[in-house]
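Undergrad: sequence first, then the predicted structure:
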Amino acid sequence: MARKKIIAGNWKMNKTPSEAVALVEELKDLVKNDEVDVVYCVPAIDIVPVVEATKGTNVAVGAENMYFEESGAYTGEISAPMLVDAGVKYVIIGHSERRDYFKEDDVLLNKKVKKAFASGLTPILCCGESLEQREDGITMEWIKSQIIADLAGVSADDVKKLVIAYEPIWAIGTGKTATSDQAQEVCKGIRDLIADMYDAATAEAVRIQYGGSMNAGNAAELLAKPDIDGGLIGGASLKADFGKVVNYNK
Ligand code: PGA
């Protein structure tokens, strides 16, 4: 069965609640495409108004982060049950900005992935190499270590529902996109790894996105590759151009 493409916007720390609703309205007609799953991953404070504003549309809402505990004395954190109750379907786990600026490590991210699945959320698990790691020729080795650690103890049935985002750090927000061949090579490597860790059916089912300066100009070429099942889009998700990314096949 063909994997359905999934195009997710990662708004990062952009848009106040009222700006968020205005953006949803601006994009509403532009992001219609039944052949693609469309997701807006938005700042925590924007979740409630964006869920409301996207009701009755083809857009699902995601969070950009969550904590793995159910509830309790974790000042400033947001739990999976809170996200579910608010109408969230997806959650980004382990974005390179969280790994880097907020020191999130694979042990923590593994707990978050498990909690997300246990709560009925679909994690968008991010991985990717730095420029230095690419130049040292250890890209695949590094990504394997991230994925093996982040998925420790996660079942094949859950991995079939998982979304993995391959985001080379050197391509994020820099305007430097990986070439479609570079992106395909790593996404294929990730699928082969999932086949080794689980089985062929799980590897066939898992959806693997590319992220890093994806935009209206390069989306069609990247998404034509056999192992690239979607995109995680930062900068270009905040403007009308996002509609062109979603409709890359039209
Ligand atoms: P970018 O960000 O599209 O602005 O490069 C992608 C991401 O960080 O998810």
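TA: Alright, I've got the coordinates. This one's a predicted model, so the numbers in the text were calculated from it and none came from an experiment.

Undergrad: could you give me the buried positions within the helix of greatest length in the chain?
TA: In the chain, taking DSSP state H as the definition, the longest helix is helix 180-197. Neighbour counts over helix 180-197 (16 or more other C-beta atoms under 10 Å) mark 180, 183-187, 189-191, 193-194, 197 as buried. Every C-beta, even on glycine, is put in place using the N, C-alpha and C of the backbone.

Undergrad: looking at those residues, which one is closest to the ligand?
TA: Set against the ligand, the nearest of the buried residues of helix 180-197 by C-beta to the nearest ligand atom is residue 183 (12.6 Å).

Undergrad: quick check: the closest one touching residue 226?
TA: No - applying C-beta atoms under 8 Å as the test, residue 183 and residue 226 come out as separate, 11.4 Å apart.

Undergrad: pLDDT and distance to residue 35 added to the buried residues of helix 180-197, as JSON lines?
TA: Shown next, in JSON lines, are those (pLDDT from 0 to 100; distance: C-beta to C-beta, whole Å):
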{"residue": "180", "pLDDT": "97", "distance to residue 35": "20"}
{"residue": "183", "pLDDT": "97", "distance to residue 35": "21"}
{"residue": "184", "pLDDT": "98", "distance to residue 35": "20"}
{"residue": "185", "pLDDT": "98", "distance to residue 35": "25"}
{"residue": "186", "pLDDT": "98", "distance to residue 35": "24"}
{"residue": "187", "pLDDT": "98", "distance to residue 35": "19"}
{"residue": "189", "pLDDT": "98", "distance to residue 35": "26"}
{"residue": "190", "pLDDT": "98", "distance to residue 35": "23"}
{"residue": "191", "pLDDT": "98", "distance to residue 35": "21"}
{"residue": "193", "pLDDT": "98", "distance to residue 35": "27"}
{"residue": "194", "pLDDT": "98", "distance to residue 35": "24"}
{"residue": "197", "pLDDT": "98", "distance to residue 35": "29"}
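
Undergrad: return the residues in contact with the residue of the chain at minimum distance from the ligand.
TA: Of all residues in the chain, residue 234 sits closest to the ligand, with a separation of 2.4 Å (C-beta to the nearest ligand atom). By C-beta atoms under 8 Å, 6 or more residues apart in numbering, residue 234 lies in contact with 9-12, 172-173, 211.

Undergrad: just after the helix or strand hosting residue 37, pick out the following helix or strand.
TA: Take DSSP states H and E as the rule and residue 37 turns out to sit in strand 36-42. Once strand 36-42 ends, the next helix or strand along the chain (criterion: DSSP H and E) is helix 47-53.

Undergrad: follow-up on the earlier one: so which elements touch the next helix-or-strand element following the longest helix of the chain?
TA: Later in the chain than helix 180-197, the nearest helix or strand by DSSP H and E is helix 200-205. Contact here means 3 or more C-beta pairs under 8 Å, 6 or more residues apart in numbering; DSSP states H and E; on that basis helix 200-205 packs against helix 156-161, helix 180-197.

Undergrad: from the chain's centroid, how far away is the last one?
TA: With C-alpha atoms, centre = their mean, to the nearest Å as the basis, helix 180-197 stands 16 Å off its chain's centre.

Undergrad: other SSEs contacting it?
TA: Packed next to helix 180-197, using 3+ C-beta pairs under 8 Å, 6+ apart, are helix 139-150, strand 163-166, helix 200-205, strand 207-211, helix 219-223.

Undergrad: tell me the mean pLDDT over the longest one?
TA: Yep, that's helix 139-150 we're talking about. Helix 139-150 shows a mean pLDDT of 98.

Undergrad: now swap in the third one and tell me
TA: The predicted model assigns helix 200-205 a mean pLDDT of 98.

Undergrad: pick the one among the contacts of residue 234 closest to residue 66.
TA: The closest of these to residue 66 turns out to be residue 10 (C-beta to C-beta; 14.5 Å).

Undergrad: show me what contacts the residue of the chain most remote from its centre?
TA: No residue in the chain sits farther from the centre than residue 73, which is 28.0 Å out by C-alpha atoms, centre = their mean. Contacts for residue 73 (C-beta under 8 Å, 6+ apart) come out as none.
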